[in-house]
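Visitor: Kindly generate the corresponding structure for this input.
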Amino acid sequence: MKKIYIYFLVSSLILFSPILALADGGMVIWPPAIHLDQSAQNAIVAWNGDEEIIILSINIESSADATALRIIPLPSNPLEIKEGSFESFEKLVKIMNTKMEDIRNQWRTLGKGLEEAPSAGVEITFQKRIGAHDITVVKVNDLTYFLDWIKNFAKDKGFQQKEISSKFKEAIANYLKKDIKYFVFDVIEAGQEKESIKPLIYHFDSDFLYYPILISGASEIRESQTEINLFIISEKEVEFSNVPYSYYSHYWFSGYGYPVELTKENLEEISQEIADLFKGKVNVRKASLYAKLNNLKRDLMIYPYLWDKGLKLGSSGEEVRALQKILINEGVWEAEVKATGYFGPITKAALAKFQEKYSQDILKPLNLEFGTGYFGSKTGDYLKRLSLSVKQAKLIFNQNLSLGMRGENVKLLQEILIEEEVWQRSDIGATGYFGSITREAVIKYQEKYAPEILEPLGLIKGTGFFGSSTRSHIEKRFNFD
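Guide: The predicted model follows:
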């Protein structure tokens, strides 16, 4: 068998808001049905705030029998790698389409820090043959040592010897700066006929939602076009409509689907491993990308929103470290040092470049032309739009709420009312506007917990006004105080 040294790597995306589609005669056909192309690269990404599972399926073909090497960077050592099934994708698509048909019917009806010193340059943490996959996982502590190790690994596997490209070296250096230092080496035998390789399930710890993409642009097939179908599962919806338009021009996405809610039973039907990540209902979106690999410049990294205070020179902590990782991922970090958690001159310079990169959203509202390197409210607002809040931060409602009001407190209240199953409209989610639907749900919540909320006030029926008694009950019930 002829052997070819191929880096066949994974990629991902962030997407933007859809345009409402109308059929002939004005009938609403949105949301459209989900389609799954088995000849494409497909991935399910499920994250619960602490752990992530990626079920990854690819198809490979070659002009001759060949051996393909796929390299997958991970933010932590895998807790488990095992063989999966393409049926997980088929079941997920079937469930999503069934639920979206229900939504379409409703709409028709309605009319609407410092690390420990490494012990070695490269540490092998896992080796196993899993089906068609020959898997090796390594922890990288030194870039130069790792590059030499790759050459030896390729030689041991019988690959043709080739010089490692500068782009690949730069990509690995980028991962190490972001503290992503575990790399999966997956050797696959590829025939001339296109074939679907059984998916692998990667389970690992991560404090941010992650899917590797940067390394694809550094691969030996970086001139290739790729099609990717990505299914993102999380407790709270990834609201792509909040992603600034400027991301479109940076090759994060080309289109995305409608959000669908999945129950625990749905998840168990798709994958027991994913079901075990979550306690209750979750949201899933399908995202699709068709692009040239070398246009993909960064990874998908969505953090919970961490930045509740301004950062400046001398600040330190996990908020600074997360910011530094984002700056490295954005390509504005020009130093050789990695994310340290200390806000020094390097971080200030990179943040200024980030502000200038997205000046339309950060600088222009302040009538500024150049970045300041100070983490103020506009920079915080921008990053908040790129964040995914899975675990509710400590929060106390700072005002009473009533008909006609808008804002984040209203949206949070609505999310709680939905979770409490007193929200009567399954076709409408949390909007941030306090209307009649919210008022009715507050009444039901008050009556559901009447002994604690209404009786101390001498009331029998709920009022729909979110005042001190209801506020206090919710804050205590959800551990916000």
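Visitor: Walking through the stretch 1-150 of the chain, point out its strands one by one.
Guide: 6-7, 41-47, 51-57, 59-60, 66-74, 80-83, 122-130, 133-140 (DSSP state E, counting those that start in this stretch).
Visitor: The stretch 251-400 of the chain now?
Guide: Counting by DSSP E, counting those that start in this stretch, the strands of the stretch 251-400 of the chain are 255-256, 260-262, 282-292, 300-302.
Visitor: Output those strands in TSV, with mean pLDDT and distance to L459 appended to each entry.
Guide: Using the backbone N, CA and C atoms, a C-beta is placed for each residue, glycine as well. Formatted as TSV, these follow (pLDDT from 0 to 100; distance: least, Cβ to Cβ, whole Å):
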stretch	mean pLDDT	distance to L459
strand 255-256	61	46
strand 260-262	86	33
strand 282-292	78	36
strand 300-302	84	43
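Visitor: Using JSON lines, lay out the ones you listed together with distance to G317 and mean neighbour count.
Guide: Supplementary listing: these in JSON lines, determined by distance: least, Cβ to Cβ, whole Å; neighbours: other Cβ atoms under 10 Å:
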{"stretch": "strand 255-256", "distance to G317": "33", "mean neighbour count": "18"}
{"stretch": "strand 260-262", "distance to G317": "35", "mean neighbour count": "21"}
{"stretch": "strand 282-292", "distance to G317": "30", "mean neighbour count": "20"}
{"stretch": "strand 300-302", "distance to G317": "18", "mean neighbour count": "22"}
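Visitor: Relative to I124, which of these is closest?
Guide: Proximity to I124 (Cβ to Cβ) singles out strand 300-302 among those, at 26.0 Å.
Visitor: what's the closest of the strands of the stretch 251-400 of the chain to V122?
Guide: Here strand 300-302 is closest among these (Cβ to Cβ), at 23.9 Å.
Visitor: Of all the strands of the stretch 251-400 of the chain, which one is nearest I95?
Guide: Nearest to I95, of the strands of the stretch 251-400 of the chain and by Cβ to Cβ, is strand 260-262 at 6.6 Å.
Visitor: domain assignment for this protein?
Guide: According to automatic domain parsing, the chain comprises the domains 6-302, 318-385, 408-477.
Visitor: Tell me the gap between the second one and the middle of its chain.
Guide: Averaging C-alpha positions (Cα atoms, centre = their mean, to the nearest Å) puts domain 318-385 20 Å from its chain's average.
Visitor: now L293: how far from L300?
Guide: For L293, the distance to L300 equals 15 Å [Cβ to Cβ, to the nearest Å].
Visitor: D427 too?
Guide: Separation of D427 from L300 (Cβ to Cβ): 29 Å.
Visitor: just R285 next, same as before
Guide: Taken as Cβ to Cβ, the span from R285 to L300 is 13 Å.
Visitor: quick one: L459 is in a helix?
Guide: No - using DSSP: H, G, I helix; E, B strand; the rest coil, the assignment for L459 is coil, not a helix.
Visitor: list the contacts for the residue minimising distance to the centre of the chain?
Guide: For the chain, the residue nearest the mean C-alpha position is L209 (3.8 Å; Cα atoms, centre = their mean). Residues in contact with L209 (Cβ atoms under 8 Å, 6 or more residues apart in numbering) are 45, 47, 52, 232, 234, 238, 300-303, 388.
Visitor: repeat that for 7 Å
Guide: 47, 52, 234, 302, 388 (Cβ atoms under 7 Å, 6 or more residues apart in numbering).
Visitor: out of those, which are buried?
Guide: 47, 52, 234, 302, 388 (16 or more other Cβ atoms under 10 Å).
Visitor: Rank the contacts of L209 by pLDDT and give me only the lowest.
Guide: Least confident of these in the model: L388, at 72.
Visitor: and of the buried ones among the contacts of L209, the nearest to K167?
Guide: Closest to K167, out of all of those and judged by Cβ to Cβ, is I302, at 24.9 Å.
Visitor: and that closest one, bridged to which residues?
Guide: Beta-bridge partners of I302, counted by DSSP bridges, are L209.
Visitor: doesn't F208 make contact with it?
Guide: Yes - counting by Cβ atoms under 7 Å, F208 is a contact partner of I302 at 6.2 Å.
Visitor: Low-confidence ranges, this protein, go.
Guide: The chain contains residues with pLDDT under 70 at 1-40, 59-67, 103-119, 189-197, 220-223, 237-257, 389-396, 398, 478-481.
Visitor: Show me the helices in it, by range?
Guide: With helices called from DSSP state H, the chain shows them at 87-110, 143-156, 166-177, 264-270, 272-275, 318-329, 345-357, 359-362, 377-385, 408-419, 436-448, 450-453, 468-477.
Visitor: ok, back up a step: can you tell me which of the strands of the stretch 1-150 of the chain is nearest to K312?
Guide: When those are compared by Cβ to Cβ, strand 41-47 sits nearest K312, at 30.5 Å.
Visitor: Report all helices and strands that the closest one contacts.
Guide: Strand 41-47 is packed against strand 51-57, helix 87-110, strand 209-211, strand 225-234, with contacts defined by 3 or more Cβ pairs under 7 Å, 6 or more residues apart in numbering; DSSP states H and E.
Visitor: Skipping adjacent residues, who's closest to E269 in space?
Guide: The shortest distance from E269 to any non-neighbouring residue, by Cβ to Cβ, 6 or more residues apart in numbering, is to K91 (5.5 Å).
Visitor: how deep is the one you found tucked in, by neighbour count?
Guide: 15 (other Cβ atoms under 10 Å).
Visitor: re earlier: ok, of the contacts of L209, which one's closest to F465?
Guide: L388 (31.6 Å).
Visitor: ok so, going back, and of the helices and strands packed on strand 41-47, who's closest to Q324?
Guide: strand 209-211 (15.9 Å).
Visitor: Off-centre distance for that closest one?
Guide: On Cα atoms, centre = their mean, the centre of strand 209-211 falls 5 Å from that of its chain.
Visitor: try stretch 72-83
Guide: 16 Å.
Visitor: which residues touch it?
Guide: 10, 125-126, 130-131, 135, 137, 139, 175, 180, 182-184, 186, 198, 200-206, 210, 212, 215.
Visitor: next one: stretch 357-365
Guide: Contacts of stretch 357-365 (Cβ under 7 Å, 6+ apart): 244, 246, 330, 332, 355-356, 369, 371, 378-379, 382.
Visitor: Now that stretch: buried residues?
Guide: 357-359, 361-363.
Visitor: Could you dump the residues you listed into JSON lines and include distance to E80?
Guide: Converted to JSON lines, the buried residues of stretch 357-365 look like this (distance: Cβ to Cβ, whole Å):
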{"residue": "K357", "distance to E80": "38"}
{"residue": "Y358", "distance to E80": "38"}
{"residue": "S359", "distance to E80": "44"}
{"residue": "D361", "distance to E80": "40"}
{"residue": "I362", "distance to E80": "41"}
{"residue": "L363", "distance to E80": "45"}
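Visitor: and which of the residues you listed is nearest T98?
Guide: D361 (37.9 Å).
Visitor: now for the buried ones among the contacts of L209, which pair is the farthest apart?
Guide: It's E52 and L388 that sit farthest apart of those, by Cβ to Cβ, at 12.1 Å.
Visitor: Tell me how many other residues crowd the residue lying closest to D142 once chain neighbours are set aside.
Guide: Once flanking residues are discounted, D142 sits nearest to G121: 3.8 Å by Cβ to Cβ, 6+ apart. G121 sits with 17 neighbouring residues when counted by other Cβ under 10 Å.
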